[in-house]
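Novice: Build me a model from this:
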Amino acid sequence: MLPYAAYLRVYEPVTAFPEPARTLWTAYAESRRRPAREHALEAEHLDARRRLVAAPPIVAPERESGDAYVRLAQDTIYVAPWDTRLRSWLALARFREETPARLAGWHVPPQVAREAEQAFDRWRLAGRTLHPHIRSSNWHVPLPWFVPFTAAERSLTLGTPPADGGQGGGPATASATRTLIYVTSMRDARGRIAAALPAVRADTGDGTRLGAGELETLDRWLAAFHPGSLVELDYGGLVHLLDDRSLCADESVAEIGVALAAMARGQTELWVAMHKRLETRWRPVRALQSAS
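Specialist: Below you'll find the predicted structure:
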């Protein structure tokens, strides 16, 4: 079973990478050794599990991953490196910030944490990037992640249906081909964020603001990559928490679009209604975190 997480990925054109990375990623994209697109998330998750069950746990690999997600569009190869080492360091930093030291030590031995932090410090002092190509979110899709996309960019593939045919409202059978993905250009993604920000910054006074700070942070992250990149929202393992009917009915991106248009026109009631609709859809999914 895949982790119950969604992913936001940036695929840069292979020509945007300096040598020798450009040649290496080109060869990788054409290689048969790389995981097929429908199995890549599973392979990435298996790699993480192997590190975590090691004794002591390997919180960050010694070398950066040589794997990536690959897309081919208009005869151009686009690559989203896993950036496993960088993402592991950033995750460890968040974990230690959010967890009391006594509890953190139970999960990550202090010596292991110190060695990982020292390696991360050396990385930063060398002026290396702090922007991984992939961001993840457990148990839900953050509302700002819907903003860069439109409903027309939605791609839904249903796997094996649940045993009850989807009528019981339970989770669907986990299938490697079960996906809900949006893909857009970097230009359109940032353009939509820029168009949304003026309305989002306006305080509606009803406690349902989308979060201008989060949207601005998202835009800064996207700005770190090549302007000719592709941006992908992948529901990842969250598709296994929703039955076929729920996935087919999920129009979160379209609803965010309606909500933002309502905010821009000052239609507070419509904005609040769309926001509540989104919250109603995602609240049961997030609640499963406490039940797990």
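
Novice: quick check, A113 in a helix?
Specialist: Yes: under DSSP: H, G, I helix; E, B strand; the rest coil, A113 falls within a helix.

Novice: what's near enough to touch it?
Specialist: 59, 92, 96, 104-105 (C-beta atoms under 8 Å, 6 or more residues apart in numbering). All C-beta atoms are positioned from the backbone trio N, CA, C, and that covers glycine.

Novice: Let me know the secondary structure of H131.
Specialist: Reduced to three states by three-state DSSP, H131 is coil.

Novice: where does this protein dip in pLDDT?
Specialist: Filtered on pLDDT under 70, the chain yields the residue ranges 1-2, 160-176, 203-209, 290-292.

Novice: The strand ranked longest in it pairs with which strands, and in what direction?
Specialist: Longest strand of the chain, by residue count under DSSP state E: strand 5-13. Taking DSSP bridges as the criterion, strand 5-13 sits next to strand 76-81 (antiparallel), strand 134-138 (antiparallel), strand 230-234 (antiparallel) in its sheet.

Novice: ok now the longest one, how far from the chain's centre?
Specialist: Translated: strand 76-81. 16 Å (C-alpha atoms, centre = their mean, to the nearest Å).

Novice: Give me the contacts around that strand.
Specialist: Outside strand 76-81, the residues that touch it by C-beta under 8 Å, 6+ apart are 9-15, 17, 25-26, 28-29, 64-65, 67-72, 133-134, 229-230, 232.

Novice: residues of that strand that come out buried?
Specialist: 77-81 (16 or more other C-beta atoms under 10 Å).

Novice: and what of the second one?
Specialist: Neighbour-count burial for strand 134-138, with 16+ other C-beta under 10 Å as criterion, is recorded at 134-135.

Novice: How about exporting that strand as PDB, limited to the C-alpha atoms?
Specialist: The C-alpha coordinates for strand 134-138 follow below in PDB (Å, rounded to 0.1, in the frame of the first residue of the first chain):
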ATOM      1  CA  ILE A 134       8.900  17.300  -5.100                       C
ATOM      2  CA  ARG A 135       6.700  18.400  -2.200                       C
ATOM      3  CA  SER A 136       4.400  16.100  -0.300                       C
ATOM      4  CA  SER A 137       1.400  16.400   2.000                       C
ATOM      5  CA  ASN A 138       0.100  13.600   4.200                       C
END
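
Novice: which among the buried residues of strand 76-81 gets closest to R49?
Specialist: R49 lies nearest to P81 out of the buried residues of strand 76-81, by C-beta to C-beta, at 19.8 Å.

Novice: Tell me if I am right that L156 is in a helix.
Specialist: No: using three-state DSSP, the secondary structure at L156 is strand, not a helix.

Novice: Could you list everything it pairs with in the sheet?
Specialist: L180.

Novice: please renumber so the chain begins at 44
Specialist: Will do, 44 is the new start, and the previous item becomes L199.

Novice: Next, count neighbours for it.
Specialist: Counted with other C-beta atoms under 10 Å, the neighbours of L199 add up to 15.

Novice: my guess is Y47 contacts L285, does it?
Specialist: No: using C-beta atoms under 8 Å, Y47 is not in contact with L285; the gap is 10.8 Å.
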